[in-house]
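Trainee: Compute the structure for the input listed below.
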Amino acid sequence: MNEKLKVGVLYGGISSEREVSINTGKQISENLNRDKYEVIEIVLNEKRDIFKCDGLDFVFIALHGSFGEDGRVQSILESMDIKYNGCDFFTSSICMNKFIVKNILSNFGINMAKGIILNKNNFDLSNFDLKFPVIVKPNSGGSSLGVYLSKNYNELLEHVKIAFGYDDNILVEEFIEGQEISCGILNGEVLPIFKITTQNREFFNYESKYDDTTIEEPAHFSEELNAKIKEIAIKCYNIFSCKVYSRIDFIIKDNLPYFLEINTLPGMTTGSLFPKMAKSIGIEFQDLLDVIISSSFNNF
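Mentor: Down below sits the predicted model:
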């Protein structure tokens, strides 16, 4: 009988997304196959807690936000010669920075909203020339925390101040009104594209993501548009050398996909988008975790 793989589930963390991570970590831990894995839960309360991973065969990173998705945890695990899920430290660090991602993709002719970046210690809105409404969001972060829709200059000033509470750098982008969609990619294959519809909200923010007012279902587009979305999603995935799994979000307006962001550690609760996409083609949550572990293990 083969010895079980010693898998640590790393969750909690020091970012503003700690509570989301705790939920993610607990659900991953509960659904890992005990016939295959010896599961050890590791709650990250401070950075040095990561060294509790020493001696493990594999770490399933269930962290969100800073010191979780930004490459630092990945770099430490690599230095400890421990395998982990998803993208490597370089891809993780690049994709966490929305402004850098936009600048790179702009060289490949990918449609995106016009935007600017503001720094907390040195920003000037006196020559602001974007058309309202605009979206204000942290440059590095997830779970739609600190994201606001500003309809005028006064709202912009208010939202900028709040957003700086989440990040020293924030993006301000023109709001593209259209159908938001999400593309999951698993081992280089695009999963069924899901559309996101929020009830009683103008855009997909933190509240709509976590208070059950969001409807997610497979999108039904023309074959041509469906192929175009998949083509751009795979292109983005390959440009950043993503590994195993990622999620890429778009807005569809006038039959054109506009890139929103790339997520190298998609939410992994049973109610998250990525597992729902996998389930729609018959991959149950426990099996999805198996695929991610085995594919990640073979990637390093």
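Trainee: can we go C-alpha only for contacts and neighbour counts from here?
Mentor: OK.
Trainee: residues contacting the closest residue to Leu273 other than its chain neighbours?
Mentor: Nearest residue to Leu273, sequence neighbours excluded (CA to CA, 6 or more residues apart in numbering): Gly267, at 7.1 Å. With contact set as CA atoms under 8 Å, 6 or more residues apart in numbering, Gly267 has these partners: 24, 273-274.
Trainee: need the helices for the stretch 101-250 of the chain, in chain order.
Mentor: In the stretch 101-250 of the chain, helices defined by DSSP state H, counting those that start in this stretch lie at 153-163, 206-210, 223-239, listed in chain order.
Trainee: looking at these, which is closest to Thr198?
Mentor: When the helices of the stretch 101-250 of the chain are compared by CA to CA, helix 206-210 sits nearest Thr198, at 6.3 Å.
Trainee: picking that back up, go through the contacts of Gly267 and flag which are in helices.
Mentor: Judged by DSSP state H, these include 24, 273-274 as members of helices.
Trainee: Okay, now the unreliable bits of the stretch 151-300 of the chain?
Mentor: The stretch 151-300 of the chain contains residues with pLDDT under 70 at 199-214.
Trainee: if we go to 90?
Mentor: Applying pLDDT under 90 to the stretch 151-300 of the chain flags residues 197-220, 270-271, 297-300.
Trainee: what's the residue nearest the centre of the chain in contact with, if anything?
Mentor: Compute the mean C-alpha point of the chain, and by CA atoms, centre = their mean the closest residue is Asn263, 2.8 Å away. Counting by CA under 8 Å, 6+ apart, Asn263 makes contact with 95-96, 246-248.
Trainee: ok, what's across the strand from it?
Mentor: Arg247 (DSSP bridges).
Trainee: correct me, but Asn255 touches Leu225?
Mentor: Yes: if you go by CA atoms under 8 Å, Asn255 and Leu225 touch, sitting 7.0 Å apart.
Trainee: Thanks again, I'm all set now.
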